[in-house]
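**Q** quick one, what's the 3D model for this:
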Amino acid sequence: MKKIARSRFARRYAWRILSGALLSSFLCIAKSRTAADSRPVIASAPEKPTNWSDRSYYLAMRDGVRLAVSWYFPDRLPPVNPAPVLLVQTRYGRARSKNYVDTWLQGGYVAAVVDVRGSTASFGSRDSELGSTEQSDMDEIIAHVAKQPWSNGKVVASGISYLADAADLATTRKASALVAAIPREADLDNWAVFWPGGIPNDYLFLGWSVGVYEADFGRPRTPPPSTSRADSVPWDCRLRAEDCPKLFPLLQPVDEDADYNLLREALNLREKSAKHWTSSDYANVTFRDDKGLNGNAPFDAAGAHLEAVRREKKPVQYWGSWIDANTGDSALSRYLSTPLVPSVMIITANNHVGDIGGDPFFPERRDPIPSIDEQNRLNLAFSNLIVRSDSVPTRTIQYYVLGAGVMRETPQWPPRGVRQVRFSLDANGRMTRKKSVVGLDSYEVDFTATTGQENRWTTGYGASPAYGDRREEDRKLITYDSTPMSVDAELVGWPVVTLRMRTKTSDPAIFAYLEDVAPDGRVTYITEAQIRATNRKLADRSKLPYYQGPAAHSFNRSDALPIVPGEPFTLKFKLNATAALIKRDHRLRLAIAGADADSFRRLSTGTAERFDIYRGGGEPSVLEVPLRSWR
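**A** As a prediction, the model looks like this:
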């Protein structure tokens, strides 16, 4: 077995991803054995938990690999009249999607949930995530669920996170039965999540990759905290049949597999295949066009298949968040890259699963906007428009405004009336709309700088964003403030930073934060970006796989530009898109760092770093922000 990278990131995350599956199982599954048979006594039907599927079986793919399929019905039995199908493709265990499909069952749909190839109860291995073989499986899955007697032949794909990425990729397939998709918190480009700006996002990648690897082999990363086992041996379904029921809802056997023999066969065959990827396969990936040690490119997503998206024109309701990794940018890029696809984009300030609000201006407010009930209503209303009336939605973007607590709507991005306002970095930590004083500011990089352990990069696996007052953390950074705003304004779009600078090392990482400074001194996070300076070459937009906004970069190794320590260079890059109310008498702040210690790998060749930032002159350092009056 390949050695799996272990770090404090991986250890901290590993139990989180599986804890829900493990802690609930004690109440659900019988653990006694018969004297004549050493195998565990599996719970009878009445004892099964409520999220156990109504029907399940293995579906053989074209190459013989069997995928586990679960069906959920509105009244636990197939409906008398055929119904539309909600399709969920998951790599986290079928039964863990039960709560998500409940709303659809109440709305008169039937739900099919599939363990994708090489994950949990399905057969096969995973040489990458969302790879070409898994995408081809979608054709057979969609065709199969559409022709079941309880199906009316119309399929809607949906899900959150990885499940959303799978739903999004389903819209690239030539599958006539798929009539729409609702990807929620999808990643249009997975490279931009795990290596944003070319900087390894170790907290997210190492934690997630180790957790899913262990789950695919039927074991949690560590023993659960509540276990009473004296020897603290980790549960392992592959090695011990009696451990399998304890891993529900991560692992659920199909109906014909009451003794878990088939499920364990799938796990054992996977163990022997030696094709399953690990985090170490991608340890040396630094550019978008790099391939891992296993010969595969970093994980696929719909952003690499937009020609197929445009060809199929499947209507989508696509969800993102300003503070969930770069899912807000994913929604905007998909919308702008597919102008003829019926699309409703909904961008919130909620956490990854949408049940906790995270507006940094209102840290005490944790109720999501829209509410969970409203989110469910919007999902069903969109789907019913297509499934029941054969209509298509009007293209629109609905977005939340940080600091205002309201949703707004626009058919275009940026919205009408927005103009880029240019601030030049000036002396004494100021920004000016006028000509700035020529000079140089030096910053000794503080590698302890951080956005904390509850930020936009941690929400993907449970730690919801909770940005507090950043005034103390900003003392570790170099900052530039504007003059106070004279009127209320809406900052909406992509801010852009241009830095004329030089560095002490040949491999600097630059982190930029846009913040709001209140009259009382409170500093509120708005958005950010990070970029490895070697990726500074601006891209030809026509050669990019999708629209990436202003100041775009390819992040390809072939476009890398070396940094010579002590020699000036110009770096221009956009921050993640956002929308925020900037109130009268508040100031805008640009804060620049060389590290985010709790999320990203330290660069600068592992040595001390200094940034020298040039002001004024023929190549000034500037911040451009998209503003319009607040109405």
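
**Q** what about A466, neighbour count?
**A** 18 (other Cβ atoms under 10 Å). C-beta coordinates here come from the backbone N, C-alpha and C atoms, glycine included.

**Q** does it belong to a helix, a strand or coil?
**A** Of the three states, A466 takes coil according to DSSP: H, G, I helix; E, B strand; the rest coil.

**Q** gap between it and Q453?
**A** 9 Å (Cβ to Cβ, to the nearest Å).

**Q** do the same with W191
**A** 24 Å.

**Q** so between these two, which is more surrounded?
**A** Neighbour tally, W191 and Q453, criterion other Cβ under 10 Å: the higher count belongs to W191, 22 against 13.

**Q** what sits against that one?
**A** 288, 298-299, 555 (Cβ atoms under 8 Å, 6 or more residues apart in numbering).

**Q** Y100: which of those is nearest?
**A** Closest approach between the contacts of W191 and Y100, by Cβ to Cβ: F299, at 21.9 Å.

**Q** tell me how many other residues surround the closest one.
**A** So F299, with other Cβ under 10 Å, has 20 neighbours.

**Q** where does pLDDT dip in the stretch 251-400 of the chain?
**A** Of all residues in the stretch 251-400 of the chain, none has pLDDT under 70.

**Q** and with 80 instead?
**A** Across the stretch 251-400 of the chain, residues meeting the criterion (pLDDT under 80) sit at 274.

**Q** and if you look at the chain?
**A** 1-47, 220-233, 274, 461-462.

**Q** give me the domain ranges for it.
**A** Split into domains by automatic domain parsing, the chain comes to 8-314, 419-629.

**Q** mind listing the strands for the stretch 451-600 of the chain?
**A** Taking DSSP state E, counting those that start in this stretch, the strands of the stretch 451-600 of the chain run over residues 478-481, 489-493, 496-503, 509-517, 523-532, 569-574, 578-582, 587-593.

**Q** what about the strands in the stretch 251-400 of the chain?
**A** Residue ranges of the strands in the stretch 251-400 of the chain, as given by DSSP E, counting those that start in this stretch, are 316-321, 343-348, 396-401.

**Q** partner strands of the first one and their direction?
**A** Meaning strand 316-321. Partner strands and pairing direction for strand 316-321 (DSSP bridges) are strand 178-184 (parallel), strand 343-348 (parallel).

**Q** and those strands as CSV, adding mean neighbour count?
**A** Below are the strands paired with strand 316-321 laid out as CSV (neighbours: other Cβ atoms under 10 Å):
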stretch, mean neighbour count
strand 178-184, 26
strand 343-348, 24
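
**Q** give me the number of residues near the residue lying closest to F573 once chain neighbours are set aside?
**A** In this structure, F573 finds its nearest non-sequential neighbour in I531, 4.9 Å apart by Cβ to Cβ, 6 or more residues apart in numbering. Neighbours of I531 under the rule other Cβ under 10 Å: 25.

**Q** partner residues bridging I531?
**A** Beta-bridge pairing for I531 (DSSP bridges): I510.

**Q** next one: it from R456, what distance?
**A** Relative to R456, and taking Cβ to Cβ, I531 is found at 16 Å.

**Q** where along the stretch 401-550 of the chain do the helices fall?
**A** With DSSP state H, counting those that start in this stretch, there are no helices along the stretch 401-550 of the chain.

**Q** again but with the stretch 51-200 of the chain, I slipped
**A** Taking DSSP H, counting those that start in this stretch as the criterion, the stretch 51-200 of the chain carries its helices at 98-106, 132-146, 162-170, 191-194.

**Q** V517: which of those is closest?
**A** From those, taking Cβ to Cβ, the stretch that ends up closest is helix 191-194, at 28.9 Å.

**Q** off-centre distance for stretch 205-219?
**A** 16 Å (Cα atoms, centre = their mean, to the nearest Å).

**Q** and stretch 484-496, end to end?
**A** Terminal residues of stretch 484-496 lie 20 Å apart, using Cα to Cα, to the nearest Å.

**Q** pull out the buried positions in it.
**A** Using 16 or more other Cβ atoms under 10 Å as the test for burial, stretch 484-496 gives 485, 488-496.

**Q** ok, residues contacting it?
**A** Residues outside stretch 484-496 that contact it (Cβ under 8 Å, 6+ apart) are 399, 401, 413-415, 418, 420, 514, 519, 526-527, 549-551, 572-588, 623-630.

**Q** hmm, which of these are the buried ones?
**A** Neighbour-count burial (16+ other Cβ under 10 Å) applied to those gives 399, 401, 413-415, 418, 514, 526-527, 549-551, 572-583, 586-588, 623-628, 630.

**Q** so what's the residue count around the nearest residue to V65 once chain neighbours are set aside?
**A** Distances taken as Cβ to Cβ, 6+ apart place G124 nearest to V65, at 4.2 Å, with adjacent residues excluded. Look at G124: counted by other Cβ under 10 Å, it has 25 neighbours.

**Q** likewise for V564?
**A** Count around V564 with other Cβ under 10 Å applied: 10.

**Q** shouldn't it be in contact with D507?
**A** No - V564 lies out of contact with D507 (Cβ atoms under 8 Å); the separation is 11.4 Å.

**Q** residues contacting V401?
**A** Taking Cβ under 8 Å, 6+ apart, we find V401 in contact with 407-408, 490, 492, 579-581.

**Q** from A331, how far off is it?
**A** According to Cβ to Cβ, V401 and A331 sit 15 Å apart.

**Q** also L262?
**A** For L262 relative to A331 (Cβ to Cβ), the value is 40 Å.

**Q** returning to what we had before: I'd say the residue nearest to V65 and A68 touch.
**A** No - the pair G124 and A68 does not pass the contact test of Cβ under 8 Å, sitting 10.8 Å apart.

**Q** residues in contact with V116?
**A** For V116, the contact set (Cβ under 8 Å, 6+ apart) comprises 67, 89-91, 122, 134, 137, 166.

**Q** neighbours around A121, how many?
**A** Counted with other Cβ under 10 Å, A121 comes out at 30.

**Q** now it, nearest residue through space, not along the chain?
**A** Residue nearest to A121 in three dimensions, not counting chain neighbours: A68, with 4.1 Å by Cβ to Cβ, 6+ apart.

**Q** follow-up on the earlier one: V179: which of the contacts of V401 is nearest?
**A** Nearest to V179, judged by Cβ to Cβ, of these is M407 at 26.3 Å.

**Q** in the sheet, who's paired with E515?
**A** Applying DSSP bridges to E515 gives these bridge partners: Y525, R589.

**Q** surely S464 meets G358?
**A** Yes - S464 is within contact range of G358, at 5.8 Å (criterion: Cβ under 8 Å).

**Q** pull up the overlap in contacts between these two.
**A** With Cβ under 8 Å, 6+ apart, S464 and G358 have common neighbours 351, 366.

**Q** these two - which one has more neighbours?
**A** Neighbour totals were compared for S464 and G358, and G358 leads with 27 against 19 (other Cβ under 10 Å).

**Q** which residues touch that one?
**A** Residues near G358 by Cβ under 8 Å, 6+ apart: 321, 323, 349-351, 366, 459, 464-467.

**Q** quick one, which of the residues you listed are buried?
**A** Neighbour-count burial (16+ other Cβ under 10 Å) applied to the contacts of G358 gives 321, 323, 349-351, 459, 464-467.

**Q** name the nearest of those residues relative to L204.
**A** T459 (9.8 Å).

**Q** so which of the domains of the chain gets nearest S371?
**A** In terms of Cβ to Cβ, the element of the domains of the chain nearest to S371 is domain 8-314, at 12.8 Å.

**Q** report the distance from that closest one to the chain centre.
**A** Using Cα atoms, centre = their mean, the offset of domain 8-314 from its chain centre is 16 Å.
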